[in-house]
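K.L.:
A structural model of the following input is requested.
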Amino acid sequence: MDSTRPSVTVTGPVVVGTDGSDHATRAVRWAAGEAAARGRPLRIVYATGTSHGGLYLSREDIRQIDDFAEGVLEKAAALARRLAPGVPVTTALGEGETTACLLGEAGPDATIVVGSRGRGGFAFLLVGSDSLRVAARSPVPVVVVPSGDDREPAGVVLAAVRDEHDAETLRIAAALAARQGVTLSVLNAWVFLENIGSMVTMLDGVDRLAEDRASETARLVAPVREEFPDLVVTEHTVRTGSVPEALVTATADADVIVIGSRRRSHPIGSPLGRVTHAVLHHARCPVVLVPHT
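P.N.:
Modelled structure (predicted):
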């Protein structure tokens, strides 16, 4: 890891966005539990977006929106204090749009938590636009909590890795697993072109690639085993036809998946990479996105 680059942590305060929806309430629940596990404060934020609608909203309209938002914040804070009695809980009402408000409230070592979809989302969307924008722009880790995540705990933190760029992502996943006292499962899923792999002369090459991938995974895991000697760590290097499908399938047996957030610099399309985008939309458990610094 390049020591000259800023480090990303999951030990700071927790900032969660809410709008009173069921999705947001799930996010508040998750955030309260995580703040309690860290022993850090929880900040609950409601973004009204009224600053962008000033030309169309009267003072009475804004007052009613603010009153509604304050009521939502009070309920969310009461829920968080009930779930995590020892956690300092504060609230913030922002006039800007969701992404700006959450990023503004989050410090350099915070973690942002959002629901998969808010009141403004459409039923057929698995992840709403606000959640995607926060995930795409945040310089700190973002947790996206899906709807319907009411399964029994699996006792597993799943870390998706590919190469040395994921070393910090893996360390963060290890810290989460160690704090929760659960197993860390490291998954390196890779694809080899089938039309090349079918050639007899390439079979030895495929085997060597598989061995190289397994060795790469072992090299990534070695520092984690040293830093967290009591942590149970399993390694899985899997050749697959689809990396997103392999990761999404693995989330069925995990409490959370931690994945590095690779962001595209191309101005067209989503700034999030294809794999990240697919995991966000289809994961069966909360997704922790760690920005590549």
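K.L.:
could I get the full set of helices for the stretch 51-200 of the chain?
P.N.:
59-83, 98-105, 129-137, 167-180, 194-197 (DSSP state H, counting those that start in this stretch).
K.L.:
OK, contacts around the nearest residue to Val256 once chain neighbours are set aside?
P.N.:
Nearest residue to Val256, sequence neighbours excluded (C-beta to C-beta, 6 or more residues apart in numbering): Pro286, at 4.8 Å. C-betas here are computed from N, CA, C, even on glycine. Neighbouring residues of Pro286 by C-beta atoms under 8 Å, 6 or more residues apart in numbering: Trp30, Val143, Val144, Val145, Pro146, Asp149, Asp255, Val256, Ile257.
K.L.:
who wins for neighbours among those?
P.N.:
Val144 (27 neighbours; other C-beta atoms under 10 Å).
K.L.:
show the pLDDT at that residue.
P.N.:
Looking at Val144, its pLDDT is 93.
K.L.:
list the contacts for it?
P.N.:
Neighbours of Val144 in contact, by C-beta under 8 Å, 6+ apart: Val114, Gly115, Ser116, Val127, Ser131, Ala135, Leu280, Pro286, Val287, Leu289.
K.L.:
okay, and which of these map to strands?
P.N.:
If you go by DSSP state E, the contacts of Val144 have Val114, Gly115, Val287, Leu289 in strands.
K.L.:
can you pull out the strands in the stretch 151-293 of the chain?
P.N.:
Applying DSSP state E, counting those that start in this stretch to the stretch 151-293 of the chain gives strands spanning 156-160, 183-190, 233-239, 256-261, 287-291.
K.L.:
go through those and name the closest to Ala110.
P.N.:
Counting by C-beta to C-beta, Ala110 lies closest to strand 287-291 out of those; the figure is 12.5 Å.
K.L.:
packing partners of that closest one?
P.N.:
Based on contacts counted as 3 or more C-beta pairs under 8 Å, 6 or more residues apart in numbering; DSSP states H and E, the elements that strand 287-291 packs against are strand 142-145, helix 167-180, strand 256-261, helix 274-282.
K.L.:
before we move on, back to that, export the strands of the stretch 151-293 of the chain as a markdown table, with columns for mean pLDDT and distance to Ser21.
P.N.:
Formatted as a markdown table, those follow (pLDDT from 0 to 100; distance: least, C-beta to C-beta, whole Å):
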| stretch | mean pLDDT | distance to Ser21 |
| --- | --- | --- |
| strand 156-160 | 97 | 27 |
| strand 183-190 | 95 | 31 |
| strand 233-239 | 94 | 35 |
| strand 256-261 | 93 | 21 |
| strand 287-291 | 93 | 18 |
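K.L.:
deepest-packed of the ones you listed, please.
P.N.:
Among the strands of the stretch 151-293 of the chain, strand 156-160 has the highest mean neighbour count (mean count of other C-beta atoms under 10 Å), at a mean of 27.
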